[in-house]
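> My questions concern the predicted model and sequence given below.
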Amino acid sequence: MKQQLSVLAGILAAVLLGGQASAAELRIGTAAEPSALDPHYHNLTPNNTVRRHIFESLLDQDAKQRLIPALAESWRTIDDRTWEFKLRKGVKFHDGTEFTAQDFVYTVCRIPNVANSPSSFTLYTKGIDSIEVSDPHTLIIRTAAPYPLLPIELTTFGIISAKAAGGEKVTFDKAGCKADSWPSTQAFNDGTLAIGTGPFKLVEYRKGERIVLDRNPDYWGAKPEWDKVTFRPITSEGPRVAALLAGDVDLVDEPPLQDLERLRKDPKVSVVETLSNRIIYLALDQAEKTPTIKGTDGKNPLRDIRVRQAMSMAIDREAIVKRIMNNTAEPAAQLLAPGLFGTNPDLKFSYDAKKAKELLAEAGYPNGFELTIGTPNDRYINDEKIAQAVAQMYSRIGIKTQVDAATVNVFFSRRNKGEFSVYLGGWSAATGEASSPLKSLVATRIKEKGFGPTNYTGYSNPKLDDLITKALATVDDKEREKLLAEAMKVAVDDVALVPLHYEVTSWAMRKGLSYEPRADQYTLAYAVRSAK
Amino acid sequence: MTAVNPATAAPSRVQTPLKRFVVEFLDSRVAVLGLVVLVLIVSSALFAPWIAPQDPYDLSKLDIMNGMLSPGSADMDGNLFWLGSDEQGRDLLSAILYGLRTSLLVGFSSTTVALAIGLMVGMIAAYAGGSLDAAIMRLVDIQLSFPAILIALILLAVLGKGVDKVIIALTAIQWAYYARTVRSAALVERRKEYVEAAQCLALPRQRIVLRHLLPNCLPPLIVVATVQVAHAITLEATLSFLGVGVPVTEPSLGMLIASGFDYMLSGEFWVSLFPGLALLVTIVSINLVGDQMRDVLNPRLQH
């Protein structure tokens, strides 16, 4: 018996030690998966998360979205419109070639040339007027107007290897760079061009299954703790938590809200959370004709500001936060959580179903109309449930509402084709200040200016555009903040879209790991540490 | 001597086929129990609008403040939620009753339409024979070689959401079973003397098919159909669980199970459990009835 026990103990020890030996592997269960590994294909949080492991940007942001140097060591302004960036020397791409200024030039050139990009990064490159490479490790960037956001915007896109893509000769031209061909998104997905300078290299990408990364041994910066990182998309909430509790993964993002209480009490698990920069909103199509509204004789009621006001007022945001979000969110009155740069402290939301009904009647819809809301069902925290709750509240003021839920890829492609009159969306302010949601979601869509890339509603207000343009050209922080806050007020007063709430992001991990919660919601493997 | 109809000439204690069927069916207590439960389920689904405490499809009647109430608790106005509520504040008992309506509607109507189509196609194949028969049967083979759920998923991805579309999809995947069953039954029957006799009498073709062949092919079909109803209901639940069936605001049983699935690990079991039980009981009762019908109608098991 004793012998048996010791054998058993031996096996147990071996298993445990085996577990220890593979401790340099980090397995992450994610709620959403990237739509591509192409760093410039889709400006979407899951894409940007994986991108940060493989491709780096000139500058980066820390967990609180403060600027930190990355591929650029230092930067300064020469004058209002001229910036100088000193690039880090001795940085190698995964294929061993050296990182130089040309790679940045090629990246900026390629961004507008990504075919079928659902949400482009041109938003962040449009400010650049000219790029001068004074030596392989010095960049001079000029902007047409004073452009204070340039350093922040340079954190948003990853730099690809010009050499690997055959773009060593490409020069920057504001009107459009010349190249024989541009690399396809597929070339990044299959790994041929997944060559960056990041702390990890791509090993395997199987859509719907896993993304495997290996540590980059030649990485210039702090070496990550993990030899190997696996991202596993586990979109269902229950199984994601179960995988963590069973030890199949070490860390999960977006643990289901209904489980948070229990997870916090679990001695084997730790939970971290922070208020994010993501707004969850309803976009209201304001085009002449709209696809999913019936009972209005072909007219689009959403063009009437009273209807839009009613549709904002009809929503009991506190109830949604309390019941659907288990208090892990903040009700929203504007497009970015108050307190962050450029938000307006005076904006308040109100809930008044009676007044909403009156407004509808005033606008000529006393009996409401029929509406279908589009929503993804695996992208944002409880997205489909929020849409259903909104449908409930709209039904109460007479708008007969249906919910059309689809998985994230299907949803985005349908949204981009304009198949929804109202859809539930989310926007994460990559820059951590108000110009990001304003410029992307509510500014009039002007491709050349990089305005409104995610404005699918057709909303357009010249006054708002002017304010945003002016703010973006104002170097003085105080003045800029004032302009942004003013622009925010215009957008909210116009009900350009209906803000619902700001997400609170949480992560759950096995005890022994630590992760500083990030306002930008990224789950970065290299920032996960094991507590010692 | 006039021609004697064998049925009337037989001694009076030999019952009519229907009577015999009823008597033999009642032999099995389990089947009777299944039938009783099934009748209860069907009638409660039929009368759902009158017996359900709430209209779960009327969003203006729901309130998220009543979300996730545990079974037996009441809301602020004193309305009792017998089986609890889901996260939208939908009374689960009502949602189950309405969900059963959807399930049964989808199950029975898709089976009926598929039966009609299959019957027609199978009969044509069996009676026409030759290359037409071969062509139809190869089509059936091809269709049956794909998993049903796969065809349904593809069809629904194209057609979109809605109960009508689910019925179309389920009809499209079921007709082949009937076509094959009818054809094999009809092939056997076709060689029997009474068909030959009818042909000798130079009766028109459609009369032979409809009046002579068809009634004799029906028993095996009825058995297949009962099993298929249960199958169709399960398929509908599966499709809704996967989120391609009915709209989320009008949940069927499968969708209720799916929406509660996320809460299973959190101790809020009722959203998945009760609709699951309802589905289980429905399927089992249909299968019990179907099994007994198969035993009774199977000529080889008859004494």
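Nice, thanks for sending it over. If you're wondering where the values come from, they're calculated on a predicted model, not measured in any experiment. Residues are numbered from 1 along each chain as shown, chains lettered A, B, ... in the order given.

> which residues touch B:Ala176?
Contact analysis of B:Ala176 by CB atoms under 8 Å, 6 or more residues apart in numbering or on different chains lists B:Gly118, B:Leu139, B:Val140, B:Gln143, B:Leu144. Placement of C-beta: from N, CA and C, glycine included.

> nope, B:Asp86 is what I meant
With contact taken as CB under 8 Å, 6+ apart, B:Asp86 is in contact with B:Gly67, B:Met68, B:Leu92, B:Ala95, B:Pro251, B:Leu256, B:Ser259, B:Gly260, B:Val271.

> And it, how far from A:Gln286?
33 Å (CB to CB, to the nearest Å).

> Residue 117: which element?
Defaulting to chain A. Counting by DSSP states H and E, there is no helix or strand that carries A:Ser117.

> wrong chain, I was asking about chain B
Here B:Ile117, judged by DSSP H and E, is contained in helix B:92-128.

> and after that helix, which helix or strand comes next?
Following helix B:92-128 in sequence order, the next helix or strand is helix B:130-145 (DSSP H and E).

> near chain A, which residues of the stretch 1-150 of chain B show up?
Neighbours of chain A within the stretch 1-150 of chain B, by CB under 8 Å from any CB of the partner chain: B:Asp58, B:Leu59, B:Ser60, B:Leu62, B:Asp63, B:Ile64, B:Met65, B:Gly67, B:Met68, B:Glu87, B:Gln88, B:Gly89.

> again, 10 Å this time
Contact residues (CB under 10 Å from any CB of the partner chain) of the stretch 1-150 of chain B with chain A: B:58-68, B:86-90.

> buried subset of those?
For those, a burial check counting by 16 or more other CB atoms under 10 Å in any protein chain shown picks out B:59-64, B:66-68, B:86-90.

> Nearest to A:Glu73 among the residues you listed?
For these, the closest approach to A:Glu73 (CB to CB) belongs to B:Glu87, at 50.3 Å.

> Now do the contacts for the nearest residue to that closest one once chain neighbours are set aside.
Counting by CB to CB, 6 or more residues apart in numbering or on different chains, B:Gly67 is the residue found nearest to B:Glu87 once chain neighbours are left out, at 4.6 Å. Listed by CB atoms under 10 Å, 6 or more residues apart in numbering or on different chains, the contact set of B:Gly67 reads A:Ala319, A:Lys322, A:Arg323, A:Ile324, A:Lys385, A:Ala389, B:Ser85, B:Asp86, B:Glu87, B:Gln88, B:Gly89, B:Arg90.

> ok so, going back, now the two most distant members of the contacts of B:Asp86.
Using CB to CB, the contacts of B:Asp86 span at most 15.1 Å, a distance reached by B:Met68 and B:Pro251.

> Look up which helix or strand residue 258 falls in, please.
No chain in the question, so chain A it is. helix A:257-265.

> hm, I was asking about chain B
helix B:253-261.

> buried stuff in the helix holding A:Gln258?
For helix A:257-265, the neighbour count (16+ other CB under 10 Å) marks A:Leu257, A:Gln258, A:Asp259, A:Leu260, A:Arg262, A:Leu263 as buried.

> So whichever strand or helix holds A:Trp427, near chain B or not?
Per DSSP H and E, A:Trp427 falls inside strand A:422-428. No - Strand A:422-428 lies apart from chain B when judged by CB under 10 Å from any CB; the minimum separation is 12.3 Å.

> Within its sheet, name the partner strands of that strand and how each one runs.
strand A:269-284 (antiparallel), strand A:370-376 (parallel) (DSSP bridges).

> for whatever helix or strand comes next after the first one, packing partners?
To tie it back to what came earlier, the one meant is strand A:269-284. For strand A:269-284, the following helix or strand on the C-terminal side (DSSP H and E) is strand A:293-294. Applying 3 or more CB pairs under 10 Å, 6 or more residues apart in numbering or on different chains; DSSP states H and E, one finds that strand A:293-294 makes contact with strand A:370-376.
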